[in-house]
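>>> here's my sequence, what's the structure:
(2 chains)
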Protein chains: 2
Amino acid sequence: MNIKKWIGTVLCMVCMLPLRAQIVWQPVEPGVWKGVVGTPEAYSLLEVAGCTPQKEGFKRLPEVGLPEWAGKIVGNVQDGKTSLRIPLQKKEQLYGFGLNFQTVHQRGKILNLHTDHYGGKDNGRTHAPVPFYVSSRGYGIFINSARYLTVYAGTGARKDSPEAPVAKDRNTDKTWVARPYSDAVSVLVPAGGVEIYLFAGPAPMDVVRRYNLFCGGGNLPPRWGLGFTQRTQKLYTAGQVMEEAEAFERKGFPLDYIGLEPGWQSKAYPCTFEWDKERYPAPADFIAKMQERGVRINLWTNPYVSPESGIYNEMYPFSGSHTVWCGIVPDFATVQARRLWKDKLEKEHINIGVSGFKIDEVDGYDHYIWPDVATFPSGISAEQMRQTYGLWVQRTTAELYKQRNQRTFGLVRASNAGGNSFPYVLYNDYYSHQDFITALINSGFSGVLWTPEVRGSKSGEEWLRRFQSVVFSPMAMINAWASGTKPWSFPEVAEQVKEYAMLRMQMMPYWYTEFARYHYDGIPPFRAMNLEPGFNPEQAVSVEMADRNLEDNPYLEAVTKEIKDQYMAGEYLLVAPMFTGQATRKVVLPKGDWYDFYTGKYAGNGETIIVTPGLDRIPVYVKDGGIIPMMEARLHAPAAGEKVNLEIRHYGKAEGSYRLYDDDGETFDYEKGAFCWREIKVVRQKDGKLKGTVSKAEKGKPNSVASVTWKFMSM
Amino acid sequence: MNIKKWIGTVLCMVCMLPLRAQIVWQPVEPGVWKGVVGTPEAYSLLEVAGCTPQKEGFKRLPEVGLPEWAGKIVGNVQDGKTSLRIPLQKKEQLYGFGLNFQTVHQRGKILNLHTDHYGGKDNGRTHAPVPFYVSSRGYGIFINSARYLTVYAGTGARKDSPEAPVAKDRNTDKTWVARPYSDAVSVLVPAGGVEIYLFAGPAPMDVVRRYNLFCGGGNLPPRWGLGFTQRTQKLYTAGQVMEEAEAFERKGFPLDYIGLEPGWQSKAYPCTFEWDKERYPAPADFIAKMQERGVRINLWTNPYVSPESGIYNEMYPFSGSHTVWCGIVPDFATVQARRLWKDKLEKEHINIGVSGFKIDEVDGYDHYIWPDVATFPSGISAEQMRQTYGLWVQRTTAELYKQRNQRTFGLVRASNAGGNSFPYVLYNDYYSHQDFITALINSGFSGVLWTPEVRGSKSGEEWLRRFQSVVFSPMAMINAWASGTKPWSFPEVAEQVKEYAMLRMQMMPYWYTEFARYHYDGIPPFRAMNLEPGFNPEQAVSVEMADRNLEDNPYLEAVTKEIKDQYMAGEYLLVAPMFTGQATRKVVLPKGDWYDFYTGKYAGNGETIIVTPGLDRIPVYVKDGGIIPMMEARLHAPAAGEKVNLEIRHYGKAEGSYRLYDDDGETFDYEKGAFCWREIKVVRQKDGKLKGTVSKAEKGKPNSVASVTWKFMSM
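So this is what the prediction gives:
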């Protein structure tokens, strides 16, 4: 036994043994504090995202002080890594930790936050592994690190903790549990220091708002971005795409933008970023013609550069050591790589009218993307590059549009903290309708947008069910890159599909306003029930022993239930998607009266209802006093300056109000004040009847309202 | 965009940019070289295991020189981590990387070697994440690190590699593949340096032998360890255990040792290591009575110390920061923790005759074991402790028996490199018969033993099928801790079960010799077909497109087939287990004639046969000229000095030979020369008949053979 050799090391390590150091909190924005442990790395998520806090928005939040218990948050540097410990109270629930697909309640989870595709398990590997969480107690924690973080979200117990659980004898004590109580969130940051941010509430929704505002506010898409979009089959030619747009118009389906899949490029996987001369001989002309038809063009790409691309040679010295599908990987942490890519995209696409991009493969299945042993000329490690590549491609392309004062809206397969204001929606290859809804719910905790896109379907029922969901999401998209499916491909449900596509268009004033709230106030347009006042998680939670059979479940682990199949859409709507094969479902209604979106009928109050909506309907409920501004059904979003006729719906018995947002819908002039909020009010008059009013548009401000009619849905 | 802050860091990092440094190889044993990259950590796997190379064994291996291409192995330190790159040739296959459960061919895998339970996926998290692999080209690589290693086993391509794959256009080129060719294994070691070992062949089996010999040689169990064992239900009393042993004897089922599950302890999960006074009022007496009956006692435990244990207070300062099931975690990297635990086990158990232990829960489901943020008084990190805890509990307990000159044989749930000679067999809670067989196959590449234990079963068929397999494994065990099942619990197959239990006993001379070969020559007793001369992997491998449907398989990934359901058992046997529901199966026979184990009939040669063995039989085949020494059926293994009657079987037409091993079967006297090898020879005489001879036992050496009879099975 030769133990002497490492005794030396052991002793050295003892000298370095951590102080359990308290963190000094320094205020950075109202209700936001920053703490520093060790020596934080200069390369961080916020640094890469380059976002500026949306300072105005904080003024509309309650004043709060540093939580008293903040002094109990400790951080140490040990074994070259930073360890953080944030205390937890009993019954506290945690939300967030990035874009999870199967769970909403995160307490008790162990996650390794790692940019990746979602592989069927919530283990921290996801398209947006955002190191931010929200507590039901009304605070949030964000760790500004571009490393793979290991998170113990309330597991593990210190032997010296005053709250340490008490040992029990498993032989005879029936109250023995496999996972004893843990009184803290612990995080391991594989770096010699880190910045940690603490967000106050008081309510969890206030925490989310502060986080979003701190990261620049949510994205405000162009109006057309909220219209309908179709991605055509991968090898479609310009002619086929034009035919497709014609067919949409002829059949009366709305369409604002078409996405071209890999075939528009001369080579793909890796990419040239250059048009294929056979399939698209005259791209500028093609785009102009499509635009005349009211249809914009979005281009698929991944950032990996083909040896056949015109920028390959120049990019080579600014690319990583390893290739992805034999394409070089631009080191976007260098100015040179960003400049080369920007110039290429600007010249080839943006200058001829391309409206945006779908940037694929930046999440990275390990087998496809660069390995963690890769190196980059900037000196940024492979790990850091993996955690931030999604941010880089968003930032780089967003800057291109910003400098033209033109809004864009596209798709990206990876993001991270700080990307909140980037004009991108996340998506993936996984195709579970249920998991897509849970992702939509969780997107609201992480400052990202998510689309439960529709691709192929095995039946008309599935097609319609998925379609109904995507209409109540940030991007109403059919992605037919592989299947070539059209909205009318299942004739037995084509009318219902059209009805919902049109509903999406009718609701545009509501959607657009809700994204404005996201931008100015940090309120996620799509979010969990858990952020809704009056929602009682206890109503939905039940803990039961999974199985008393020791052979199958040796530790008799408990199983937790949570609400992960219904969500809030904007200020007033509760959406409860139906999944293939379901005829009925439970809907958990928060406290307060709720009304059916379609009929205005009373649905319930603080209770769990069982509904049988039929195939034609996705259940949607409106809060008492809810106001939904709608416009006439149309095939394209209104252009800048165009006016629409509003139909303002009111639900329930209570009086109500809503602030309707307006701007030109296409430029960034709103940042210079070219926007307005109009007050909609419904009050009960002396005769007992409800009456609605809309405040006038401010002079000189954008106004897209032609006329207003009122509809009192629950009269 | 505030990019300045980290530009500073970037520049610093550039200074540190890696040289792609060639490794200097230094010979350490015949055919084994050591290389050093950066500054290796003093705390390593070999250091913890404390093993000494089995030098004698190397003499029986071919002489070899350093492979010429060794100069192409490079290592760098980058971002505080060590990166290794080992070149690969086309068609080279890789085996090993620890105890995998679903795959044998490892080329193309990405693994994070991390001690853990097996969770249904071969991702590097396993009970023995041994950082060693064997190439079909006849060399092996071992990385002596107690860190979580990320392994790219032939994925990822460098842009500057001369072998770099060529970019293809996925739009139109049908030969495009999702995973382009990779010409290297890359490993990321999260430490500033590491030791790497290179093992020569020439054959892959020679590589495995060198690795095992380097790590001290394989374990030689006591003879009784290869007998039959039953683990009784968790709350059994001394009386119930004695009744169980009586029932075995009465019904004529062999039994060498019984394992007591948690109920023998006064408290379990965490543990006191003290006898429960109600269930075991007189443990010394109980053990003595059992021993009289020929049945030894093995004790379940985990190492986590209950506050009720007599050693709790003394252990407290030598335990980690976090608890496991509210028990403190001994820091076995401190002499004090080892001493306290040793003393306790010695006094309470070993001194009164306990034959060994089953050490549970040292693999660690993340939710149960200490988190990676835990600290230990030795200064060893949580990560290093996790990678080595299985080694520590084995080493600590093995030393206790060694100092008494008494062999032990037990179970442990985690191991790692260097544990090759420890007297422990790995097991887990997962219960897939198929995966258990694949683990048995892979155990042979990693210097560990694995038992496909039998627990409950849903039917007599399953019971018998599992039983047939476990009889051809390192430990013939029923683990009835939860179910209380007995070998005869399924009456419809009780006779067949007994037949196979007896066959296990009859084959003991063969098994014992095969373990001696493991010990002295490093030849794994249970191992993959891929180590067998004449086995042609091409015969079994077919690559096909999984599915041409882009919706389900967007990258059209290929699927590889491999042989993972049949294995070699000792020098001559090929075992092809049957799984529940199977009536027929394919068996891939290597080149050379193969004969049925039961009948001696010719089975085939270098071909894939389809067999329908019936429920009574697990297919087993013997190589031409194979010699299997057997003894009479009996209920207990022969004690030291006891003599048995041999029946030596010969199979096929070819002449044959075998070296039969003998020693006292219980002590370490063999290390001082008290052992012998006897030559068994079968030669064809002039009359064409086969005749067998056995060399005499050397004078003064152990000899357990009373008489010999011969059985020519293929006459």
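
>>> what does the stretch 351-500 of chain A have sitting close to chain B?
The stretch 351-500 of chain A comes close to chain B at residues A:366-368, A:370-375, A:378-381, A:383, A:429, A:431, A:455-456, A:481-483, as judged by C-beta under 8 Å from any C-beta of the partner chain. Using the backbone N, CA and C atoms, a C-beta is placed for each residue, glycine as well.

>>> which residues of the stretch 201-350 of chain A lie near chain B?
Going by C-beta under 8 Å from any C-beta, the residues of the stretch 201-350 of chain A near chain B are A:234-235, A:262-263, A:265-270, A:276, A:306-308, A:316, A:319-323, A:325-328, A:333, A:335.

>>> and the residues of the stretch 351-500 of chain A next to chain B, which of them are buried?
Buried residues within those, counting neighbours by 16 or more other C-beta atoms under 10 Å in any protein chain shown: A:366-368, A:370-375, A:378-381, A:383, A:429, A:431, A:455-456, A:481-483.

>>> now intersect the residues you listed with the helices, please.
Counting by DSSP state H, those place residue A:383 in helices.

>>> so of the buried ones among the residues of the stretch 351-500 of chain A next to chain B, which ones are in strands?
Among those, none falls in strands (DSSP state E).

>>> give me the pLDDT for residue A:547.
With respect to pLDDT, residue A:547 scores 45.

>>> domains for chain A, by residue range?
Using automatic domain parsing, the domain ranges for chain A come out as A:18-163+A:173-214, A:303-408, A:526-623, A:627-712.

>>> and the strand ranked longest in chain A, how far from the chain's centre?
Looking across chain A with DSSP E, the single longest strand is strand A:675-684. Remark: strand A:675-684 is offset 28 Å from the chain centroid, using C-alpha atoms, centre = their mean, to the nearest Å.

>>> packing partners of that strand?
strand A:627-631, strand A:656-663, strand A:690-694 (3 or more C-beta pairs under 8 Å, 6 or more residues apart in numbering or on different chains; DSSP states H and E).

>>> the ones you listed: which one's closest to chain B?
strand A:656-663 (25.0 Å; C-beta to the nearest C-beta).

>>> quick one: contacts of that closest one?
By C-beta atoms under 8 Å, 6 or more residues apart in numbering or on different chains, the residues outside strand A:656-663 that reach it are A:509, A:512-513, A:516-517, A:571-572, A:625-627, A:629, A:650, A:669-670, A:674-682, A:694, A:697, A:701-705.

>>> give me that answer again for 6 Å
Applying C-beta atoms under 6 Å, 6 or more residues apart in numbering or on different chains, the contact partners of strand A:656-663 are A:513, A:516, A:625, A:627, A:629, A:650, A:670, A:674-678, A:680-682, A:702, A:704.

>>> which one is residue A:584 nearest to, not counting chain neighbours?
Counting by C-beta to C-beta, 6 or more residues apart in numbering or on different chains, residue A:584 lies nearest to residue A:612, which is 4.6 Å off, once chain neighbours are set aside.

>>> what do you get for residue A:154?
Distances taken as C-beta to C-beta, 6+ apart place residue A:107 nearest to residue A:154, at 4.4 Å, with adjacent residues excluded.

>>> and that neighbour, what does it touch?
A:93-94, A:153-154.

>>> could you report the neighbour count for residue A:589?
When neighbours are counted by other C-beta atoms under 10 Å in any protein chain shown, residue A:589 registers 23.

>>> please name the nearest non-neighbouring residue to it.
In space, residue A:589 is closest to residue A:604, 4.6 Å off (C-beta to C-beta, 6+ apart).

>>> check the secondary structure at that neighbour for me.
Following DSSP: H, G, I helix; E, B strand; the rest coil, the label given to residue A:604 is strand.

>>> among the residues of the stretch 201-350 of chain A next to chain B, name the buried ones.
A:234-235, A:262-263, A:265-270, A:276, A:306-308, A:319-323, A:325-328, A:333.

>>> restricted to strands, list those.
A:319-323, A:327-328.

>>> report the two of those separated the most.
A:321 and A:327 (13.4 Å; C-beta to C-beta).

>>> low-confidence ranges, the stretch 301-450 of chain A, go.
Of all residues in the stretch 301-450 of chain A, none has pLDDT under 70.

>>> which strand or helix spans residue A:198?
Assessed by DSSP states H and E, residue A:198 sits inside strand A:193-200.
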